[in-house]
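*Asks:* Show me the folded form of this:
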Amino acid sequence: MAKRVLVPVAHSSEEIETVCIIDTLRRANVEVVVASVEEGLVLKMSRGVSIVADCLIEEVKDQSFDCIALPGGMPGANSLRDCTTLKDLLLSHSLAGKLIGAVCAAPAVVLGTHGLLKEVQATCNPAFVDKIDCLKEHMEKRVVSDRNFVTSRGPGTSLEFAIELVKHLVGEEAATALANTMLI
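*Replies:* Residues are numbered from 1 along each chain as shown. Coordinates of the predicted model:
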């Protein structure tokens, strides 16, 4: 059975990060469900690109996922943070030790706000480092993997971030082969 990943999105989520996550995981034969935390399925991303979600977050709140992967982008990350359904999913996912990924603003704005990065090594966009008071250590690496969390810094690190998610979900050999195919 294929691994399943939930990618929550909002108006003003970062489109490079969003598409890198979705596309890379799908290339690895991972089932990706793109769920809107807004009232509609058509979302205008941070640079004006429109993305159509597969469903609303409420429609998948009782489904099982192997990973939840959060794109950044502002103020999109604020909308992800403020979504009660997503918060509940993240908290239960974390308690179960399941994989959670976040890039750019999302580690600080979403995961940090909800207390999910306590005693976890993580990274985020440098503009948000001062907003994280719960990190064990802020890492300057492009992608940081610690316990069941994978975090990254921004649009320019999104492909590496997505490949790291593939490594956790499908295995290192598959991730390396995909990275080589994608010329990463």
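*Asks:* alpha carbons only for contacts and neighbour counts from here, please
*Replies:* Fine.
*Asks:* which intervals of the protein have sub-threshold pLDDT?
*Replies:* 133-138 (pLDDT under 70).
*Asks:* all helices of it, in order?
*Replies:* 15-27, 76-82, 84-95, 106, 158-170, 172-181 (DSSP state H).
*Asks:* among those, which is the most enclosed?
*Replies:* Comparing the helices of the chain by mean neighbour count (mean count of other CA atoms under 10 Å), helix 106 comes out on top with a mean of 31.
*Asks:* Could I get the contacting residues of Val7?
*Replies:* Counting by CA atoms under 8 Å, 6 or more residues apart in numbering, Val7 touches Thr18, Ile22, Val32, Val33, Val34, Ala35, Ile68, Ala69, Leu70, Pro71.
*Asks:* okay, now the fifth one: neighbour count?
*Replies:* So that's Val34. Taking other CA atoms under 10 Å as the criterion, the count of residues near Val34 is 23.
*Asks:* Help me confirm that it comes into contact with Asp54.
*Replies:* Yes: contact criterion CA atoms under 8 Å: Val34 and Asp54 qualify, at 5.2 Å.
*Asks:* before we move on, back to that, most neighbours of all the contacts of Val7, which one?
*Replies:* Of these, with other CA under 10 Å as the count, Pro71 tops at 31 neighbours.
*Asks:* and it, what does it touch?
*Replies:* So, once contact is read as CA under 8 Å, 6+ apart, Pro71 ends up touching 7-9, 13-14, 17-18, 21, 77, 102-104, 106.
*Asks:* rerun that using 6 Å as the cut-off
*Replies:* By CA atoms under 6 Å, 6 or more residues apart in numbering, Pro71 lies in contact with Glu17, Thr18, Val103.
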